[in-house]
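Colleague: for reference, the sequence and a predicted model appear below.
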Amino acid sequence: MLFASAGALLGELAALSHPGDLTGAKISTNVRFYSISPADFPDMLPLPARAARAVRPAVRGRKGDLTRAAILEAALAIARRYGMEGLTIGLLAERLGMSKSGVFAHFGSREDLQLAVLHEYAARFVDRVLRPAVRSARGLPRLRAIIDRWLAMLAEEIEAGCILIGGASEYDDRPGPLRDTLAAIVASWKAELVRALEQAKACGHLRQDIDGDQMVFEIYGLMLMLHQDARLLHGKDSIRRARCGLQRLIDDARDGAPVGAARRRADPARRARKTSRNN
């Protein structure tokens, strides 16, 4: 496997997601980071993460690097459209006009290729969602930035599909390295959301009685429903509904808001009853 353990992957994503918060911080993998900033981050990764950089080689003009990058790009497109199980060496070679042996020379096996796709997707997710979001101020601004960028990325993936969501359906009951890697990525992402929520509480932006795990469960549920409603049911207002639900969750959790206040404001039945009484 590209990572020595699921825990190493967890630490890698945690390091990427909070570069400005890691001065002397200990990650769950027992690896210690010091004064990491977005600019100098690549050269300060722990060893398991540095090994994983092989998944995303720097394109220096060398034919091998260019070929590997092209293979990964095509593999991501296939996995999005046909699922991880639809990603085969034969189909990939056909799409790229390569021989099967040429693809094998870069990845060794179909499972290695699938694992590389998962790690590449996770790295792009970090680049698109977490890395820009941590430039926002700690607390609610950062939490909003994370959720907004995640929602935007999911919205873009409605047509092609989300590899993590699709992969979870494919491997949830199939033990092995692919399931372990998927589970580690999702678990690390949930942990980062909880961390962002706890920071917002510590900054006084969210109520102290908010259960971070429960709120993340509800946020994640809205994102999953967005994906299903838009792709399976072809809902026309899936994004709007997801955005409305996410905003209501945040409003309800704001410091100083009575418990359930946003929920009551958004309840159309309650508004109708109030209007009826006033009339």
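Modeller: Arrived safely, thanks for sending.
Colleague: distance of residue 190 from residue 196?
Modeller: From residue 190 across to residue 196, the span is 11 Å (C-beta to C-beta, to the nearest Å). The C-beta positions use only the backbone N, C-alpha and C, and glycine is treated the same way.
Colleague: more neighbours: which of the two?
Modeller: Neighbour count, other C-beta atoms under 10 Å: between residue 190 and residue 196, residue 196 has more, with 26 against 16.
Colleague: residues contacting that one?
Modeller: Contact analysis of residue 196 by C-beta atoms under 8 Å, 6 or more residues apart in numbering lists 142-143, 146.
Colleague: go through the helix or strand containing residue 73 and flag the buried ones.
Modeller: Assigned by DSSP states H and E, residue 73 falls within helix 63-82. The neighbour-count check on helix 63-82 (16 or more other C-beta atoms under 10 Å) flags 67-69, 71-72, 74-76, 78-80 as buried.
Colleague: which residues in this structure form helices?
Modeller: Here the chain has its helices, by DSSP state H, at 6-17, 47-52, 63-82, 89-96, 100-107, 110-125, 131-133, 140-156, 163-171, 177-202, 212-231, 238-253, 261-266, 268-278.
Colleague: give me the mean pLDDT for the longest one.
Modeller: Put plainly, it is helix 177-202. Across helix 177-202, the average pLDDT comes to 96.
Colleague: swap in the first one?
Modeller: Taken as a whole, helix 6-17 has a mean pLDDT of 46.
Colleague: what do you get for the fourth one?
Modeller: For helix 89-96, the per-residue pLDDT values average out at 93.
Colleague: flag every buried residue along that helix.
Modeller: For helix 89-96, burial by neighbour count (16+ other C-beta under 10 Å) applies to 89, 92-93, 96.
Colleague: just the CA atoms of it, as CSV, please.
Modeller: The C-alpha trace of helix 89-96 is given here as CSV (Å, rounded to 0.1, in the frame of the first residue of the first chain):
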residue,chain,number,x,y,z
ILE,A,89,-5.9,-1.9,-16.9
GLY,A,90,-7.3,-3.0,-20.3
LEU,A,91,-9.8,-0.1,-20.5
LEU,A,92,-7.2,2.4,-19.3
ALA,A,93,-4.6,1.2,-21.9
GLU,A,94,-7.3,1.4,-24.6
ARG,A,95,-8.2,5.0,-23.6
LEU,A,96,-4.6,6.1,-23.6
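Colleague: packing partners of it?
Modeller: Applying 3 or more C-beta pairs under 8 Å, 6 or more residues apart in numbering; DSSP states H and E, one finds that helix 89-96 contacts helix 63-82, helix 100-107, helix 110-125.
Colleague: for residue 83, see how far away the closest residue to residue 242 other than its chain neighbours is.
Modeller: The shortest distance from residue 242 to any non-neighbouring residue, by C-beta to C-beta, 6 or more residues apart in numbering, is to residue 226 (4.0 Å). Using C-beta to C-beta, residue 226 is found at 19 Å from residue 83.
Colleague: what of residue 214?
Modeller: Using C-beta to C-beta, we find residue 214 at a distance of 31 Å from residue 83.
Colleague: so these two - more neighbours on which side?
Modeller: residue 83 (16 against 11).
Colleague: wait, that one sits on residue 166?
Modeller: Yes. Counting by C-beta atoms under 8 Å, residue 83 touches residue 166, with 5.4 Å between them.
Colleague: okay, residue 161: pLDDT?
Modeller: You'll see residue 161 listed with a pLDDT of 86.
Colleague: restricting to C-alpha, output stretch 226-235 in CSV.
Modeller: Output of stretch 226-235 as CSV, limited to C-alpha atoms (Å, rounded to 0.1, in the frame of the first residue of the first chain):
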residue,chain,number,x,y,z
LEU,A,226,-27.3,16.2,-2.5
HIS,A,227,-25.3,13.7,-4.4
GLN,A,228,-28.1,11.1,-4.5
ASP,A,229,-30.9,13.6,-5.2
ALA,A,230,-29.0,15.3,-8.0
ARG,A,231,-27.6,12.2,-9.7
LEU,A,232,-30.3,9.5,-9.1
LEU,A,233,-33.4,11.6,-8.9
HIS,A,234,-32.2,14.4,-11.2
GLY,A,235,-33.5,17.0,-8.7
